[in-house]
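> my questions concern the predicted model and sequence given below.
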Amino acid sequence: MSRIGNYFLFLGTLFRNREKLGVYLKLILDECTSIGVGSIFIVALVNTFIGAVTCVQTAYNLTNPFVPRNIIALIVRDSSILELAPTLSCIVLAGKVGSNIASELGTMRITEQVDALEVMGINSSSYLILPKVIASVLMFPLLVIMAGFLAILGGYIAGTLAGVITPEEYVSGLRFEYKPFGVVFALIKTVVFAFLVSTISAYQGYQVRGGALEVGAASTAAVTNSCIAIVAADFVLTQMLLT
């Protein structure tokens, strides 16, 4: 409980004694490039194959001849939009982005760069961490939109090449009883996940004391705690928004 309390106290420091907006603008753009552009490949690769596997496995288990084949595309669509794209992508990003944030801040802490900022009268937590949080909240939803599209495309390619569904049946299944709120729900989840991943990872790295060994431990803790927070928040948001 003390760690949770310290985490919320840490969040409060991000918004006190901030620098002018112009100071953060370049930092935010740099972080957007690092977080967004640097994560495109891994997110695209994972979700394309996840969509393909979901399509093939659904077709394999759909043995009832009375069930129309376009149900395969409907399952791929709903699972990708509602769960696989936002949740799985953010877990992948927790491993890539979260560990990078924790190790970067941890290294700055043990090399006394954070202390140097404090000596100059700069709120180091706001200056170093707030741009990362804002960039994560901006870029994670864009990555998840791409992830959802590629998951559905991967299902289409795998299904048609494997001969388990025709292109017409797949498109028909994508259109069947489509609910636009699913996309809104996925983006709401993604924004929450982005905030959790960036702040938890930053907290772990910012609190490092010691040397290189502690930086590695903080990076591991950042990924572990971020993944736990993602699945817990996923359950809470699903209960709140879909029931």
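Now that the structure is in, tell me what you want to look at.
> low-confidence ranges, the protein, go.
Applying pLDDT under 70 to the chain flags residues 1, 243.
> center of it - which residue?
C90 (2.3 Å; C-alpha atoms, centre = their mean).
> which element is it on?
helix 89-93 (DSSP states H and E).
> helices or strands up against that helix?
Judged by 3 or more C-beta pairs under 8 Å, 6 or more residues apart in numbering; DSSP states H and E, the packing partners of helix 89-93 are helix 40-61, helix 124-162, helix 181-206, helix 212-242. For every residue, glycine as well, the C-beta is placed using N, CA and C.
> report the buried residues of the longest one.
If I follow you right, that is helix 124-162. Across helix 124-162, burial judged by 16 or more other C-beta atoms under 10 Å covers 124-141, 143-152, 154-156, 158-159.
> skip ahead from it and say which helix or strand is next.
Using DSSP H and E, the helix or strand that directly follows helix 124-162 along the chain is helix 167-175.
> show me what that following helix is in contact with.
68-74, 76-77, 152, 155-156, 159-160, 165 (C-beta atoms under 8 Å, 6 or more residues apart in numbering).
> please identify which of those residues is nearest to I28.
I152 (30.7 Å; C-beta to C-beta).
> wait, that closest one touches S80, no?
Yes. Taking C-beta atoms under 8 Å as the definition, I152 is a contact partner of S80 at 5.5 Å.
> if we can go back for a sec, who touches the helix or strand just after the helix holding C90?
Using DSSP H and E, the helix or strand that follows helix 89-93 towards the C-terminus is helix 99-110. The contact list for helix 99-110, computed with C-beta under 8 Å, 6+ apart, reads 34, 114, 128-129, 132, 198, 201-202, 204-212, 214-216, 218-223.
> 7 Å instead?
114, 128, 132, 198, 201-202, 204-206, 208, 210-211, 215, 218-219, 222-223 (C-beta atoms under 7 Å, 6 or more residues apart in numbering).
> how about the contacts made by the nearest residue to C55 once chain neighbours are set aside?
Computed as C-beta to C-beta, 6 or more residues apart in numbering, the closest residue to C55 that is not its neighbour in sequence is G155, at 3.5 Å. The contact partners of G155, taken as C-beta under 7 Å, 6+ apart, are 51-52, 54-55, 76.
> from R3, how far off is G155?
Distance of G155 to R3, given as C-beta to C-beta, to the nearest Å: 41 Å.
> what's the burial count for the residue nearest to V183 when sequence neighbours are not counted?
Using C-beta to C-beta, 6+ apart and skipping the chain neighbours, the partner closest in space to V183 is I81 (6.2 Å). Neighbours of I81 under the rule other C-beta atoms under 10 Å: 23.
> do you know how far I81 is from N17?
41 Å.
> before we move on, what about V236?
Distance from V236 to N17, by C-beta to C-beta: 32 Å.
> returning to what we had before: with adjacent residues omitted, what lies nearest to the residue nearest to the centre of the chain?
F193 (4.0 Å).
> for the one you found, what are its contacts?
86, 90, 140, 230, 233.
> out of the residues you listed, which comes closest to F8?
Nearest to F8 among these, with distances taken as C-beta to C-beta, is A233, at 15.2 Å.
> shouldn't that closest one be in contact with F195?
No. Applying C-beta atoms under 7 Å as the test, A233 and F195 come out as separate, 9.4 Å apart.
> buried residues, the helix or strand hosting E31. List them.
Counting by DSSP H and E, the element that carries E31 is helix 21-35. Judged by neighbour count (16+ other C-beta under 10 Å), helix 21-35 contains these buried residues: 24, 27-28, 31-32, 34-35.
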